[in-house]
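[1] build me a structure from this.
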Amino acid sequence: MLHFKKVNFLFLAIFLFHGLLINAQNKSKNQLQELSKYVGTWYGAENINDDDLGENPTIKMVVKSTINFVNGLEVTVFENRNNRWETILVELISYDTVTNKIIAKGINEKNECFIGKGNFYENNTWIMKDENLNGEHISTVNFNFLSNSEVVLKGTDPSDKELWKIKYIKKNSKDKNIGIQLVSVKDLMNENPENTLKQLGRMGYSYIETFVYKEGKFYGYSPEEFRELVEKNGMRFLGSMTFYNPVNKSDKEIETWWNKTISDHKKAGVAYLSTSNNSLKKVKSLSELKIYTNYYNLVGKLCKNAGLQFLFHNHKDEFLKVEGKIIYDYFLENTNSKYVSFQSDLYWMDVAGVNPVDYFKKHPKRFTSWHVKDYKELGQSGKIDFNKIFLSAEKAGLKYVISEVEDYNYSPIISVDLAWQYIYYELLK
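    Have a look, this model is predicted:
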């Protein structure tokens, strides 16, 4: 009996030490960032190993941020009963800075309340220990994030016996037609375009805009191949930023390059082409600006004849003055509205100290596309009043709302997910 007790005590000590060691080594350093992965609309897959959802999922989980981006989450779980989504569980989840833990308070349809406490770990797992209001351990839920849009949940009882298991796949709505500029996830696109596009499609993005057209290809894919890959992941390839320096080039050279470019983009299914200009600091005269406006009119006409739209994208240098004239104003006044529209980068306009709404009022219907970008995660700097700007969307002629993130507090894949959430829930109400 004594030997038995010693053996069991030794086993228990080793087990506890092992558990403490793993927790100490593997606990994620940024619990709040990890929690943000949970935001979104999720559906239960039919089987754990399924990579896609069936036609009629029976479980849906909606996770919304409630306080300052992701400090607080509201979780509602529904079950499809007789073609109606019935609520079966409601939960509030938050990160507690005092204990460095994730805290949950919830209630199920039987009016059984629970409190959960736990942490995220660096191996993409999240473990929550649930107790009833008597302080009794009732279950442990393990979350295994296979990606930013796939998570397997397993519930176990106090003896570690499995109670249930389900795989959720994120599938946010596409009803508000939100696009993304792929520069936001440029490293991920270079590493694994197929997986990255899959994540973006599940986040709810409706279409993508590229910036990497080179030698007739997109990320190494032919126009037809890239279009197929994008559409396979539930999105459309609608826009492309393209760059060609017209200085010291003849009209024939310009037309040759753009005709090939337009042809490739037509094959890819693109609706518009945009370009920008990084040489404006060198411009000293209005006659030099005239070379550019003639160029934009020429390209715009080529695009229009091919059934595409041509857009000019601003940075901050467009708001410098040449011979007392603001460059951007000159471009707006000297390009033909039949051929040239404008893509407003709201971030760079703010950096330049101009109000985009003033331009929308002065030149209505010319600003077909907006890059919605902030000084860090979208909507979090407090420097840009996006809500006020979006009140002028109709006046501007806005058709393409494009998320862009280049300054990150989170990993890029989480940042663009949160950007979609901000545009969807806050700006396009």
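
[2] how about N233: what's its closest non-neighbour residue?
    G201 (3.8 Å; CB to CB, 6 or more residues apart in numbering). No exception for glycine: its C-beta is placed from N, CA and C like everyone else's.

[3] okay, now the one you found: neighbour count?
    Residues lying near G201 (other CB atoms under 10 Å) number 22.

[4] quick one: it is in a helix?
    Yes - under DSSP: H, G, I helix; E, B strand; the rest coil, G201 sits within a helix.

[5] what's near enough to touch it?
    Listed by CB atoms under 8 Å, 6 or more residues apart in numbering, the contact set of G201 reads N233, G234, M235.

[6] got a list of what the second one touches?
    Counting by CB under 8 Å, 6+ apart, G234 touches K174, G201, R202.

[7] any chance of TSV for those residues, columns distance to F226 and pLDDT?
    Formatted as TSV, the contacts of G234 follow (distance: CB to CB, whole Å; pLDDT from 0 to 100):
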residue	distance to F226	pLDDT
K174	20	97
G201	14	98
R202	19	97
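
[8] tell me which of those is nearest to E228?
    Among those, G201 lies closest to E228 (CB to CB), at 13.4 Å.

[9] if I look at that closest one, how far off is V416?
    Distance of G201 to V416, computed by CB to CB, to the nearest Å: 12 Å.

[10] ok, now how distant is the residue nearest to N233 from F237?
    12 Å.

[11] how's the chain carved up into domains?
    26-170, 178-427 (automatic domain parsing).

[12] hey, which of those is tucked in deepest?
    Among those, the stretch with the highest mean neighbour count (mean count of other CB atoms under 10 Å) is domain 178-427, at a mean of 18.

[13] now do it: distance to the chain's middle.
    16 Å (CA atoms, centre = their mean, to the nearest Å).

[14] can you give me every residue that contacts the nearest residue to V185 once chain neighbours are set aside?
    If the residues on either side of it in the chain are set aside, V185 comes closest to P412, at 5.1 Å by CB to CB, 6+ apart. P412 sits next to S184, V185, D187, L188, V405 when contact means CB under 8 Å, 6+ apart.

[15] which ones among those residues lie within helices?
    The helices, defined by DSSP state H, take in D187, L188 from these.

[16] save the contacts of P412 as CSV, and put in distance to L73 and pLDDT too.
    Converted to CSV, the contacts of P412 look like this (distance: CB to CB, whole Å; pLDDT from 0 to 100):
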residue, distance to L73, pLDDT
S184, 23, 98
V185, 23, 97
D187, 28, 96
L188, 24, 97
V405, 21, 96
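
[17] dump the contacts of P412 to a markdown table, plus distance to Q343.
    Converted to a markdown table, these look like this (distance: CB to CB, whole Å):
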| residue | distance to Q343 |
| --- | --- |
| S184 | 15 |
| V185 | 19 |
| D187 | 24 |
| L188 | 23 |
| V405 | 17 |
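
[18] which among the contacts of P412 gets closest to G72?
    Proximity of the contacts of P412 to G72 (CB to CB) peaks at V405, which lies at 22.0 Å.

[19] all helices of the stretch 201-350 of the chain, in order?
    Ranges of helices in the stretch 201-350 of the chain, per DSSP state H, counting those that start in this stretch, are 223-232, 251-268, 286-305, 327-334, 346-351.

[20] dump those into CSV; add mean pLDDT and distance to E86 as well.
    Below are those laid out as CSV (pLDDT from 0 to 100; distance: least, CB to CB, whole Å):
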stretch, mean pLDDT, distance to E86
helix 223-232, 98, 33
helix 251-268, 96, 44
helix 286-305, 97, 51
helix 327-334, 98, 54
helix 346-351, 98, 41
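
[21] which of these sits closest to E91?
    helix 223-232 (34.0 Å).

[22] just the angle between that closest one and helix 251-268, please?
    Counting by axes from the mean of the first three to the mean of the last three CA atoms, to 10 degrees, helix 223-232 points 40 degrees away from the direction of helix 251-268.

[23] report all helices and strands that helix 223-232 contacts.
    In terms of contacts (3 or more CB pairs under 8 Å, 6 or more residues apart in numbering; DSSP states H and E), helix 223-232 is packed against helix 193-203, strand 217-218, strand 236-241, helix 251-268.

[24] confirm that F114 sits in a strand.
    Yes - checked against three-state DSSP, F114 lies within a strand.

[25] and the gap between the residue lying closest to it once chain neighbours are set aside and E122?
    Spatial nearest neighbour of F114, chain neighbours left out: D130 (4.7 Å); criterion: CB to CB, 6+ apart. Distance of D130 to E122, computed by CB to CB: 23 Å.

[26] show me where pLDDT drops low in this structure?
    Applying pLDDT under 70 to the chain flags residues 1-25, 67-70.

[27] try 50 this time
    1-19, 21-23 (pLDDT under 50).

[28] need phi/psi at I93.
    phi -130, psi 140 (degrees, to the nearest 10).

[29] quick one on the thing from earlier: tell me which of the helices of the stretch 201-350 of the chain lies nearest to P193.
    helix 223-232 (6.8 Å).

[30] need the residues that contact the closest one.
    Under the criterion CB under 8 Å, 6+ apart, residues 193-194, 197, 208, 216-219, 221, 236-237, 264-265, 267-269 lie in contact with helix 223-232.

[31] please redo it, this time with the cut-off set to 7 Å
    193-194, 197, 208, 218-219, 221, 236-237, 264-265, 267-269 (CB atoms under 7 Å, 6 or more residues apart in numbering).

[32] show me which of those is closest to H363.
    H265 (25.9 Å).
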